[in-house]
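**Q** Return atomic coordinates for the entry below.
(4 chains)
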Number of protein chains: 2
Amino acid sequence: MENFKLFLNSLTPVSDGEFENYSQYFKDRSLPKNNYFAVQGKICQEVAFIKKGTLRTYYLNEKSEEVTSCFCTENNLTTSYKSFVSQQPSELSIQAIEDTELLVIDYRDLQNLYQKSSVWQNIGRIIAERQYMVMEQYANVLCNETAKEKYLRLLKEEPSILNKASVNDIASYLGVTRRTLSRIRKEITQ
Amino acid sequence: MENFKLFLNSLTPVSDGEFENYSQYFKDRSLPKNNYFAVQGKICQEVAFIKKGTLRTYYLNEKSEEVTSCFCTENNLTTSYKSFVSQQPSELSIQAIEDTELLVIDYRDLQNLYQKSSVWQNIGRIIAERQYMVMEQYANVLCNETAKEKYLRLLKEEPSILNKASVNDIASYLGVTRRTLSRIRKEITQ
DNA sequence: TGTATTAAAGGACAAATGTCCTCGAAATTA
DNA sequence: TAATTTCGAGGACATTTGTCCTTTAATACA
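**A** Numbers count the residues shown, from 1 in each chain, chains lettered A, B, ... in the order given. Below is the predicted model:
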């Protein structure tokens, strides 16, 4: 819970009282490796704070290949954001790639929080704004960096991912094929 | 003003009274072709609703080439969102590519609106959520579609852009070079 | 334990895209 | 109007990336 409090306070000041009053809305959940937090085609009804572990967000493209769009790491949130916000079926699946511990809140409870507390409403807006900035960054990277630059960025910013995820997942995350990733790795180790 | 009201109501119900009370915060502004709404390196202090016209959002990459990241069209919002939200210098410039009419609100007034009215606070969150979804869509397109598919998508979804923007701007928006765009266009007209 | 399956590396060739260039049309300016 | 500049199309070749395939190692399973 402590890390969750720190996370919230990094967004906007949350008093201890405010936190105590509402943190009960968040439920503990274990998600063993390979289990799903969200499934394509179903409405994603929950948001979770990741206490421990890593998840992978992916969807199936028109060739039914899994395309990894995001790795979700410790002390961050995870959800199929678009599905959650719009309450429409999710285009994404979210799967634990190692044993994971979550703090979960569902859509209805979160809307209640928004009603009851302007602090939480504020948090909701700030998170949406943050999510946007992260996505903008991701889009810029995709647009402007070569495969090699993208790999080096991942190596620098999220090196732990490289041990936890498969070559396939990393490649699709970087927007290249396995073959290209293999070439890049060879080039770098020389 | 009527279109602005329609725009807001497409996000969340806004009563006439609520609209009348607060729409005075938004000021009319004309932006002739080639003039700037936001400039790289300066904090973007405003958001605008585009009554008429088109703007182009771009930044300079490491080779000092302009990379167009967005075309902003009528009856939508424009701002250097990240700069506005975080109140940090903008990485983007926003320039009118034809004579443009705006409804503008500045950061301080918008924060006031958020304080005064939970309807507006709600609008703020919903807009952030929408911005995210648009950006997610953009990132997916960049990641998964070929240059030709991206061009055809633009042709279908925002054909007016193709007449208004230069080949250079369209190419950088699609994440390809002028040369590739030229090839695509030739292929399509056959 | 031995067999089957899956995952990663990398060879050979094909396709897509980029770089550098020229040409001509259109727009701008003297 | 004539000269100059800008912009878009496209040729030639280089580079990057993808596709398909084989080999090897690791993992799962009967």
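**Q** Around A:Glu98, how many other residues sit close by?
**A** Residues lying near A:Glu98 (other C-beta atoms under 10 Å in any protein chain shown) number 16. Using the backbone N, CA and C atoms, a C-beta is placed for each residue, glycine as well.
**Q** Surely it and A:Pro32 touch.
**A** No: the pair A:Glu98 / A:Pro32 is not scored as a contact, 9.0 Å apart, by C-beta atoms under 8 Å.
**Q** List the contacts of A:Val176.
**A** A:Ala147, A:Lys150, A:Ile184 (C-beta atoms under 8 Å, 6 or more residues apart in numbering or on different chains).
**Q** try it again with 6 Å
**A** A:Ala147 (C-beta atoms under 6 Å, 6 or more residues apart in numbering or on different chains).
**Q** That one in helix, strand or coil?
**A** Following DSSP: H, G, I helix; E, B strand; the rest coil, we place A:Val176 in the coil state.
**Q** Tell me if the host helix or strand of A:Lys51 is near chain B.
**A** Element membership for A:Lys51, per DSSP states H and E: strand A:46-52. No: shown here: strand A:46-52 not in contact with chain B (C-beta under 6 Å from any C-beta of the partner chain), separated by at least 12.4 Å.
**Q** was I right about A:Lys51 contacting A:Val104?
**A** No: the criterion here is C-beta atoms under 6 Å, and A:Lys51 misses it with A:Val104 at 10.5 Å.
**Q** Can you identify the element that follows the helix or strand of chain A with the lowest mean pLDDT toward the C-terminus?
**A** Least confident element among the helices and strands of chain A, by mean pLDDT, DSSP states H and E: helix A:118-144 (a mean of 83). Downstream of helix A:118-144, the next assigned helix or strand under DSSP H and E is helix A:147-157.
**Q** pLDDT (mean, whole number) over that following helix?
**A** Throughout helix A:147-157, pLDDT has a mean value of 86.
**Q** mind saving the C-alpha coords of the very next helix or strand once past that helix as PDB?
**A** The first helix or strand that comes after helix A:147-157 along the chain, using DSSP H and E, is helix A:159-164. Output of helix A:159-164 as PDB, limited to C-alpha atoms (Å, rounded to 0.1, in the frame of the first residue of the first chain):
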ATOM      1  CA  PRO A 159      16.400  -3.100 -19.300                       C
ATOM      2  CA  SER A 160      14.600  -5.500 -17.000                       C
ATOM      3  CA  ILE A 161      12.000  -6.100 -19.800                       C
ATOM      4  CA  LEU A 162      14.800  -7.700 -21.900                       C
ATOM      5  CA  ASN A 163      15.200 -10.600 -19.500                       C
ATOM      6  CA  LYS A 164      11.500 -11.100 -18.800                       C
END
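**Q** anything in helix A:159-164 near DNA strand D?
**A** No: under the criterion of C-beta under 7 Å from any atom of the strand, helix A:159-164 makes no contact with DNA strand D; the nearest approach is 11.9 Å.
**Q** in that helix, what's buried?
**A** By 16 or more other C-beta atoms under 10 Å in any protein chain shown, the buried positions in helix A:159-164 come out as A:Ile161, A:Lys164.
**Q** name the helices or strands packed onto it?
**A** Where contact means 3 or more C-beta pairs under 6 Å, 6 or more residues apart in numbering or on different chains; DSSP states H and E, helix A:159-164 is not packed against any helix or strand.
**Q** what do you get if the cut-off is 7 Å, keeping everything else the same?
**A** Helices and strands touching helix A:159-164, as assessed by 3 or more C-beta pairs under 7 Å, 6 or more residues apart in numbering or on different chains; DSSP states H and E, comprise helix A:147-157.
**Q** Same question for the helix it packs on: list its buried residues.
**A** By neighbour count with 16+ other C-beta under 10 Å, helix A:147-157 contains the buried residues A:Ala147, A:Lys148, A:Lys150, A:Tyr151, A:Leu154.
**Q** got a markdown table for those residues, with distance to A:Trp120 too?
**A** Formatted as a markdown table, the buried residues of helix A:147-157 follow (distance: C-beta to C-beta, whole Å):
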| residue | distance to A:Trp120 |
| --- | --- |
| A:Ala147 | 41 |
| A:Lys148 | 43 |
| A:Lys150 | 36 |
| A:Tyr151 | 39 |
| A:Leu154 | 33 |
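**Q** just these now: which is nearest B:Lys82?
**A** The nearest member of the buried residues of helix A:147-157 to B:Lys82, counting by C-beta to C-beta, is A:Lys150 at 20.2 Å.
**Q** one step back: is the least confident helix or strand of chain A in proximity to DNA strand C?
**A** No: if you take C-beta under 7 Å from any atom of the strand as the test, helix A:118-144 misses DNA strand C, and the best it gets is 10.0 Å.
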